[in-house]
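Q: Sharing a model that was predicted from the sequence below.
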Amino acid sequence: MTGQAHRVLVIHGPNLNMLGRREPGIYGSDSLADIDARIMDEGKRLGLLVETFQSNHEGAIVDRIQGALGTCAGIVINPAAYTHTSVAIRDALLAVSVPVIEVHLSNIHKRESFRHKSLVSDVAQATLAGFGAQGYLLALQGLARILSQA
Ligand code: CA2
């Protein structure tokens, strides 16, 4: 790789800090720390500078997205429950105007109807749902390719 490594922000939304402790049938048995370690390894392998962030608070997520303005080349986000409700997170992603990849551990389209609507999907470059934690790694691979072509 030539030139400067691209900085990428990976955001985990509310309750994802509980991963591995409850509902393993839906979300898997890995903890968020396990998943973050795999994300960091994959980022290194791809030559990306990855930072991860988790919050249970909508405003904190909006602040972190705004903080990416001018510093991050792309964002991977699992907005968790805010996927289905947050105009604020959607607007923040639009304001930063870098490629966004939306990730869901579960296939939200196979679940309750209130999970079928995402306020993020149409502002994202791509959405991955149903691959479990591997979705984050696939998202980084896709983002690396997009950034290498930009
Ligand atoms: O499938 C996904 O990744 C979701 O974004 C996860 C959200 C859910 O509200 C979305 O509809 C789909 C929920 C994350 C909650 O994570 C937990 C993990 C362990 C125990 C309890 C909750």
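A: Cool, the structure landed.

Q: Centre of the chain to the one helix or strand in the chain whose mean pLDDT sits lowest, how far?
A: None of the helices or strands of the chain scores lower by mean pLDDT, DSSP states H and E than helix 24-27, at a mean of 88. Relative to its chain's centre, helix 24-27 lies at 18 Å (CA atoms, centre = their mean, to the nearest Å).

Q: again, but for stretch 138-149
A: Taking mean C-alpha positions (CA atoms, centre = their mean), stretch 138-149 and its chain are 13 Å apart.

Q: repeat for stretch 103-121
A: 14 Å.

Q: Do any residues in that stretch lie close to the ligand?
A: Yes - using CB under 6 Å from any ligand atom, we find that stretch 103-121 touches the ligand at 104-106, 108, 115. For the C-beta atoms, the positions are set from N, CA and C on the backbone; glycine is no exception.

Q: before we move on, back to that, contacts for the helix or strand just after the least confident helix or strand of the chain?
A: Downstream of helix 24-27, the first helix or strand assigned by DSSP states H and E is helix 32-46. Helix 32-46 is contacted from outside by 8, 10, 12, 16-17, 19-20, 49-50, 52, 54, 133, 136-137, 140-141, 144, using CB atoms under 8 Å, 6 or more residues apart in numbering.

Q: Show me which parts of the least confident helix or strand of the chain are buried, residue by residue.
A: residue 27 (16 or more other CB atoms under 10 Å).

Q: Would you mind listing the outside residues contacting it?
A: 19, 105-106, 132.

Q: Flag every residue of this structure that's near the ligand.
A: 15-16, 18-19, 22-23, 27, 78, 80-81, 83, 104-106, 108, 115.
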